[in-house]
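Participant: Give me a 3D structure for the following:
(one chain, ligands or ions: 1)
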Amino acid sequence: MPFDLPGRAVHWFPSIDSTMTVAAQLAREGCPSGTVVVADQQTAGMGRHGRSWHSEPGVGLYVSLVLRLELGSEAIPLVMLALGIGTQQAIAEVSGLAPDLRWPNDVLIHEKKCAGILANAEGDAIIAGIGINVSHAGFPPDLAPLATSLRLAGAPEVSREELLAALVRSIDDTCRILVQQGPAVICEMFTHASSYARGRRVRVELDDGVIEGVTRGLTPSGFLVIRQDNGTETVILAGGVRPV
Ligand code: BTN
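Facilitator: Okay, here's the model as predicted:
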């Protein structure tokens, strides 16, 4: 689909395996920061933790951005937060909905996921992958209890082009805040924007088991702190957070 964003390259494909692989290839070839790869359909959409991302044709925004941010790869958890806030803001602006954020980067409406985010290092670049469920009328039975779309959540018709333009703008803004104002500002913004960041009772699925407790905010590096009932505070580096 022909689509322009001033000052940046947009590669829009009718169908590809994953925007992540194409964006990574462009990054290896030295494309400029901000390069956008979009697909109407992905045949092998990637989710976090090796899962797949449901990429039904024509109803979602499936996009990867090549980011060269002058931050080391240790900043990826903070970049994930910046991407989450940017995605939340873009959805709110274009749909009028008020999405929540669940650490590290699920975007939720009424506790169901309407968008997910990935961030992978590729040389000195970060490949940011964002999938937004825009106008799905339903989901396969395994996803239906967990997933929603902007349409199912009650938004009036949302143009994917308009959403992409808002997304690119707001991610530019939040990444600029991270680089120029530092991690503390992004952590603070995330904490304000997420009902999960503080005082929420959750269960966290870790590689080696499950812990339950109450969220206690973020560390300066962007990790989630959980206080268990025995008083132990645990820093969650990676894991699936669910409400209890
Ligand atoms: C998650 O599991 O929550 C992350 C999902 C990320 C999906 C997006 S869709 C565009 C980009 N291309 C992919 O293959 N994955 C990301």
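
Participant: Please list the outside residues in contact with stretch 139-156.
Facilitator: 54, 59-60, 91, 95-97, 109-110, 112-114, 132-138, 157-158 (CB atoms under 8 Å, 6 or more residues apart in numbering). C-beta coordinates here come from the backbone N, C-alpha and C atoms, glycine included.

Participant: do that again at 10 Å, thanks
Facilitator: Contact with stretch 139-156 is made by 54, 56, 59-61, 91, 94-99, 106, 108-116, 132-138, 157-158, 163, 242, as judged by CB atoms under 10 Å, 6 or more residues apart in numbering.

Participant: buried set for stretch 47-55?
Facilitator: Using 16 or more other CB atoms under 10 Å as the test for burial, stretch 47-55 gives 48, 53, 54, 55.

Participant: Those: which ones sit near the ligand?
Facilitator: 48, 53 (CB under 6 Å from any ligand atom).

Participant: So which of the contacts of stretch 139-156 sit within strands?
Facilitator: Counted as lying in strands by DSSP state E, out of those, are 60-61, 106, 108-109, 112-116, 132-133, 242.

Participant: Any of those residues buried? List them.
Facilitator: Here, 16+ other CB under 10 Å leaves 60, 61, 106, 108, 109, 112, 113, 114, 115, 116, 132, 133 buried among those.

Participant: Return the member of these nearest to residue 77.
Facilitator: Using CB to CB, residue 106 comes nearest to residue 77 of these, at 14.4 Å.

Participant: how about residue 102, what does it touch?
Facilitator: For residue 102, the contacting residues are 84, 108, 111, 113, 194-197, 200, 202, 224, 240-243, by CB under 10 Å, 6+ apart.

Participant: lowest-pLDDT helix or strand in the protein?
Facilitator: Counting by mean pLDDT, DSSP states H and E, the weakest-scoring helix or strand in the chain turns out to be strand 240-243, with a mean of 91.

Participant: before we move on, the earlier item: could you dump the buried ones among the ones in strands among the contacts of stretch 139-156 to JSON lines with distance to the ligand?
Facilitator: Listed next are these as JSON lines, based on distance: CB to the nearest ligand atom, whole Å:
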{"residue": "60", "distance to the ligand": "7"}
{"residue": "61", "distance to the ligand": "8"}
{"residue": "106", "distance to the ligand": "6"}
{"residue": "108", "distance to the ligand": "11"}
{"residue": "109", "distance to the ligand": "14"}
{"residue": "112", "distance to the ligand": "13"}
{"residue": "113", "distance to the ligand": "7"}
{"residue": "114", "distance to the ligand": "11"}
{"residue": "115", "distance to the ligand": "8"}
{"residue": "116", "distance to the ligand": "2"}
{"residue": "132", "distance to the ligand": "8"}
{"residue": "133", "distance to the ligand": "10"}
